[in-house]
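**Q** My questions concern the predicted model and sequence given below.
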Amino acid sequence: MELSPRLPLNDGLSIPQLGLGVYKIADALAADTVQVALDAGYRHVDTAALYANERGVGQGIARSSVAREDVFVTTKVWNDRHGYDETLRAFDESLGKLGLDYVDLYLIHWPAPRQDRYVDTYRALEALRADGRARSIGVSNFHPHHLERLLAETSIVPAVNQIELHPWLPQAETRAYNAAHGIRTESWSPLARGRAIDNPVLDAIGAKHGKSAAQVVLRWHVQLGNIVIPKSVTPARIGANLDVFDFALDDDDLAAIAALDSGERTGKDPDDLD
């Protein structure tokens, strides 16, 4: 049974709001992890060519009892494959490793602005959507100024912009830009690479609701309207990360979390990564 609500996308499709991220999960472990998550009620898995675990992700989906059409699969093109023709080749490679006929969402992983090829890369994504092999398309790590150029020079508004987002980096400006253009915001590093696990403010909010600090942060993402993809390989934690739809944060909780904003990133600024 699917346990996460779905959010509508601007192309008429929908996406499970909470999914499984698989960054830094070894290919050999990815199959078991994905199968455990699907058995626990997840219906959304987020991978990427860079993660080198697309084969394992596909094996986990194939092994599970969940029908392919009920699993939302995202993958991404890496920076060294930008350009129209190269992106099409990269997509074929990803699809082959996944063992799938299509992906539900294909993203440009980073804009890599100094290469100045992300517009051509996105045009390849538009072609993939037209032929049905990528049902939805979008971007990751795009600032508003990257999106401005994309909207001016291409035809399809991205369905999703996946960005680093957590209480220390709430990304209000980018979230507002996304919302104004009908683009869903998706959060990577939603727990700030573990920083949220041991924080006295979040611990106190969790104690108030009978939840962990991690569950508090994931609930914060949900209440912001974000798509969120926490990563874990531990079955108990995989289940706990999905158990955030039976409580709500109040105004005092949200104010306390807002006070954590420091603008600190755990990864690179998108303008600085080639």
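**A** Looks like it arrived, so ask away.

**Q** Show me where the protein dips below the pLDDT cut-off.
**A** For the chain, applying pLDDT under 70 flags no range at all.

**Q** Do you have the helices of it handy? List them.
**A** 27-40, 54-63, 84-98, 118-130, 144-153, 172-180, 200-209, 213-224, 235-242, 251-258 (DSSP state H).

**Q** The first one vs helix 54-63, what angle?
**A** Same thing as helix 27-40. Computed by axes from the mean of the first three to the mean of the last three CA atoms, to 10 degrees, the angle separating helix 27-40 from helix 54-63 equals 30 degrees.

**Q** Tell me which other helices or strands helix 27-40 touches.
**A** Applying 3 or more CB pairs under 8 Å, 6 or more residues apart in numbering; DSSP states H and E, we find helix 27-40 packed against strand 20-21, strand 44-46, helix 54-63, helix 235-242. Where C-beta positions appear, they are placed from N, C-alpha and C, glycine not excepted.

**Q** Present the helices of the chain as a markdown table; the columns should include distance to residue 46 and mean neighbour count.
**A** Formatted as a markdown table, these follow (distance: least, CB to CB, whole Å; neighbours: other CB atoms under 10 Å):
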| stretch | distance to residue 46 | mean neighbour count |
| --- | --- | --- |
| helix 27-40 | 11 | 20 |
| helix 54-63 | 9 | 22 |
| helix 84-98 | 12 | 18 |
| helix 118-130 | 16 | 20 |
| helix 144-153 | 20 | 15 |
| helix 172-180 | 17 | 15 |
| helix 200-209 | 23 | 16 |
| helix 213-224 | 14 | 23 |
| helix 235-242 | 13 | 18 |
| helix 251-258 | 23 | 14 |
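
**Q** Would you mind putting those into TSV with distance to residue 163 alongside?
**A** Formatted as TSV, the helices of the chain follow (distance: least, CB to CB, whole Å):
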stretch	distance to residue 163
helix 27-40	22
helix 54-63	22
helix 84-98	20
helix 118-130	15
helix 144-153	11
helix 172-180	6
helix 200-209	21
helix 213-224	12
helix 235-242	19
helix 251-258	18
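
**Q** Just tell me which of the ones you listed ends up closest to residue 192.
**A** Across these, residue 192 has its closest neighbour in helix 213-224 (8.1 Å, CB to CB).

**Q** Using PDB, write out every CA atom in that closest one.
**A** Below are the C-alpha coordinates for helix 213-224, written out as PDB (Å, rounded to 0.1, in the frame of the first residue of the first chain):
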ATOM      1  CA  ALA A 213      14.200  14.900  15.100                       C
ATOM      2  CA  ALA A 214      14.500  13.400  11.600                       C
ATOM      3  CA  GLN A 215      10.800  12.900  11.500                       C
ATOM      4  CA  VAL A 216      10.200  16.500  12.600                       C
ATOM      5  CA  VAL A 217      12.400  17.700   9.700                       C
ATOM      6  CA  LEU A 218      10.700  15.500   7.200                       C
ATOM      7  CA  ARG A 219       7.300  16.700   8.400                       C
ATOM      8  CA  TRP A 220       8.600  20.300   8.000                       C
ATOM      9  CA  HIS A 221       9.400  19.500   4.300                       C
ATOM     10  CA  VAL A 222       6.000  18.000   3.800                       C
ATOM     11  CA  GLN A 223       4.200  21.000   5.300                       C
ATOM     12  CA  LEU A 224       6.200  23.400   3.100                       C
END
